[in-house]
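Colleague: pasting a predicted model and its sequence here:
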Amino acid sequence: MAGIDTITNEILQNAKSKADELIAQARQAADSEAEKARAEAAAASEKAAERAAREVKAYGDRIQSQIGMRKREAVLAARQSVIGGMIDAALRKLEEQDTDAYFAMLLDIAARHIHPEDGTVILGKKDLDRMPADFAGKMAALAKTKGGTLTVSDRPGGIGAGLILKYGGIEENCTLKALFADASDELQDTVNRVLW
């Protein structure tokens, strides 16, 4: 029996030795796979970090661009507001000038718009109430130099400052607001050049 025990021990020793060798090989393969997985994970992590950095930069650039655009829009809106305020102030100043200067201005406006035909001048109530006594005569004389006639209506029109020239069924709006509106782009450009 001692021979069987010896053979059994020898077989067990060989099996244990073989098992230890297989376990060592498995551990080495596992360590190698783990190292490979760690390297792949590190590379993937680095790529993800680079992609995230690019996305953050792109997002930051978009935000800066939007901030710049909003800033330019705000500056433009502020300029437009200042320009509009200056134009409104100029209109008010013209409307509020003394009677002689105001009606001299109306004669100048009419001179640029008179037609060589018979017509009527329509004023607003405020202007009709403060009209100088010689204004109707000056308007008639001005029209005569252009080959037409103009009479000042004694009925006020529903207008503010300025006048309307009426020829038959056609009315030419020469109110200050209408004249300013017609020259709006030019006025804005002029004020813009003066201010900036």
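Modeller: All right, it came through fine. It should be emphasised that the depicted structure is a prediction, and the values quoted were computed from it without experimental measurement.
Colleague: just the helices in this structure please.
Modeller: With DSSP state H as the definition, the chain shows helices at residue ranges 2-95, 99-113, 125-130, 135-145, 176-182, 184-195.
Colleague: which residues of the protein score low on pLDDT?
Modeller: For the chain, applying pLDDT under 70 flags the ranges 1-2, 183, 185, 187-189, 191-196.
Colleague: give me the domain ranges for it.
Modeller: 1-96, 97-195 (automatic domain parsing).
Colleague: pick the most buried one from those.
Modeller: Per residue and on average, the most neighbours among these fall to domain 97-195, with a mean of 15 (mean count of other CB atoms under 10 Å). C-betas here are computed from N, CA, C, even on glycine.
Colleague: would you mind measuring from the one residue sitting closest to the centre of the chain to residue 176?
Modeller: Nearest to the mean C-alpha position of the chain, counting by CA atoms, centre = their mean, stands residue 73 at 4.3 Å. The span separating residue 73 from residue 176 equals 31 Å under the rule CB to CB, to the nearest Å.
Colleague: with residue 167 instead?
Modeller: Where residue 176 is concerned, residue 167 sits at a distance of 20 Å (CB to CB).
Colleague: again, but for residue 103
Modeller: Counting by CB to CB, the gap from residue 103 to residue 176 is 13 Å.
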